[in-house]
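Undergrad: here is my input; please provide its structure:
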Amino acid sequence: MKIAIFTDTFVPDVNGVAKTLKRFTDYLSSKGYEYRVFAPKSASQSLYSSDIHRFKSLPFFLYPEIRLALPNMLHVRDELLQFKPDIIHVATPFNVGLCGLHYAKKLNIPLVGSYHTDFDKYLEYYDLQFLTKVLWRYMGWFHRPMRKIFVPSMDTLENLKKHGFVNLDIWPRGIDCNAFHPNLNPNAIRNKYQIKEKYILLYVGRIAPEKDVLLLPDIHEQLPDNIKDDVHWLIVGEGPSKEELMSRAIGNMTFTGFLSGPDLAHVYAGSDLFVFPSPTETFGNVVLEALASGTPAICANAGGVRTIVKDKQTGLLCGEKNITHFASAIAELLLDRRKRTEMSLNGRQYALTQTWDSIFEALLTNYEVAIEDRKMGVLA
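TA: Numbering: from 1, shown residues only. Modelled structure (predicted):
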């Protein structure tokens, strides 16, 4: 099977889509599958590979980590004619994705896609709600020709069904439990960031309006007095709201910037709780990373996060934007070490079941079904 992937974000971009696709192409290489990736040039240094074709690009205004590329259509056509892919996978609905959609139709190549981001939820955070109907019309048109649309969670699947999408299937995310695990020196990050407080609360992710990260100082202020001074916050990530969050930050809040690899693993493993108020996740990779590290998660009861966090088993789910609820959940777990330990063990056990290999094997099986359906003339 030869696979062509069209995406508007790829490594070294730092987001869930880019990282998932890089893991997938690494898996394909390890199993001997041939593939081609068509993607924008990144703002940072792009990795060179003969399997990856890059195009000039500009940042997308709602989400700068996703680039709007200017594909060389003749180059793409020539490459596809030479490569002769058995299937095209379109991962994003922007310029590169449109290019993949166009050539799948024109060259009669079986087409599948994946839906990663609820951009309609982002619109309200940028005062662009008036575009919602136009967005859903476009998304419906864009995904209609696809033989399969892969979504990361049941929550996303049900939401797309309401908007008339068909041919939906779940493609969840996995976790490398060798990279993220609880067996790391808990004092490493305390020493690195000079943390004296008893408890460490962690946020990892894009520091942006749609993540509701600006609620964190307010949540801290709602903590009981007997806990407030014992808490230190670690904020990992970058984004457009970082300066505003820093201006509102309490004294015991440390901003680490972007972390990866062992540095990120140590932060997860050394924290007592992971606090994630974002209501806009289709999945929530960072939540699964926290659970794999033995760190219970306190999250908004919204979106794909509900697929990962089992309330009162691997963490606690709180009402969206409910500052009081988040504060009381934090206090409850910090004051109950036994419950925290139980959730830590449960989270780790759950993460161990979410292997990338099994997830990618299932995806390739779905590819084969789409290819066979196309050969037999089954309508999409």
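Undergrad: what's the single longest helix in the chain?
TA: Assignment by DSSP state H gives helix 356-375 as the longest helix of the chain.
Undergrad: buried ones in it?
TA: In terms of neighbour count (16 or more other Cβ atoms under 10 Å), helix 356-375 has its buried residues at Trp356, Ile359, Phe360, Leu363, Leu364, Asn366, Tyr367, Val369, Ala370, Ile371, Arg374. Every residue, glycine included, has its C-beta placed from N, CA and C.
Undergrad: now the angle from the helix or strand hosting Ile3 to helix 356-375?
TA: Assigned by DSSP states H and E, Ile3 belongs to strand 2-6. Strand 2-6 and helix 356-375 are oriented at 100 degrees to each other (axes from the mean of the first three to the mean of the last three Cα atoms, to 10 degrees).
Undergrad: ok, and for the host helix or strand of Asp218, which residues are buried?
TA: Following DSSP H and E, one finds Asp218 within helix 216-222. Within helix 216-222, the residues scored as buried using 16+ other Cβ under 10 Å are Leu216, Pro217, Ile219, His220, Gln222.
Undergrad: low-confidence ranges in this protein?
TA: 43-49, 60-67, 375-380 (pLDDT under 70).
Undergrad: against which helices or strands is the longest helix of the chain packed?
TA: helix 16-31, strand 87-90, strand 111-114, strand 148-151 (3 or more Cβ pairs under 8 Å, 6 or more residues apart in numbering; DSSP states H and E).
Undergrad: a markdown table for the ones you listed, including mean neighbour count?
TA: Shown next, in a markdown table, are the helices and strands packed on helix 356-375 (neighbours: other Cβ atoms under 10 Å):
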| stretch | mean neighbour count |
| --- | --- |
| helix 16-31 | 18 |
| strand 87-90 | 26 |
| strand 111-114 | 25 |
| strand 148-151 | 23 |
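Undergrad: quick one, which of the ones you listed is nearest to Ala4?
TA: Nearest to Ala4 among the helices and strands packed on helix 356-375 is strand 87-90 (4.8 Å), distances taken as Cβ to Cβ.
Undergrad: please compute how far the closest one lies from its chain's middle.
TA: In this view, strand 87-90 has its centroid 20 Å away from the chain centroid, taken as Cα atoms, centre = their mean, to the nearest Å.
Undergrad: which other helices and strands contact that strand?
TA: Against strand 87-90 (3+ Cβ pairs under 8 Å, 6+ apart) you get strand 2-6, helix 95-106, strand 111-114, helix 356-375.
Undergrad: I'd like to know which of these is closest to Ile52.
TA: strand 2-6 (9.3 Å).
Undergrad: give the pairing partners of the strand holding Ile3; include direction for each.
TA: Sheet pairing here is set by DSSP bridges, and for strand 2-6 it gives strand 34-40 (parallel), strand 87-90 (parallel).
Undergrad: want to try CSV for those strands, with distance to Ile175 as columns?
TA: CSV is the format used below for the strands paired with strand 2-6 (distance: least, Cβ to Cβ, whole Å):
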stretch, distance to Ile175
strand 34-40, 23
strand 87-90, 22
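Undergrad: ok, back up a step: wait, which of the helices and strands packed on helix 356-375 is closest to Thr341?
TA: Judged by Cβ to Cβ, the one of the helices and strands packed on helix 356-375 that comes nearest to Thr341 is helix 16-31, at 28.8 Å.
Undergrad: run through who's touching that closest one.
TA: By Cβ atoms under 8 Å, 6 or more residues apart in numbering, the residues outside helix 16-31 that reach it are 3, 5, 7, 9-12, 34-35, 37, 51, 65-66, 91-92, 116-117, 173-174, 283, 285, 356-357, 360, 363.
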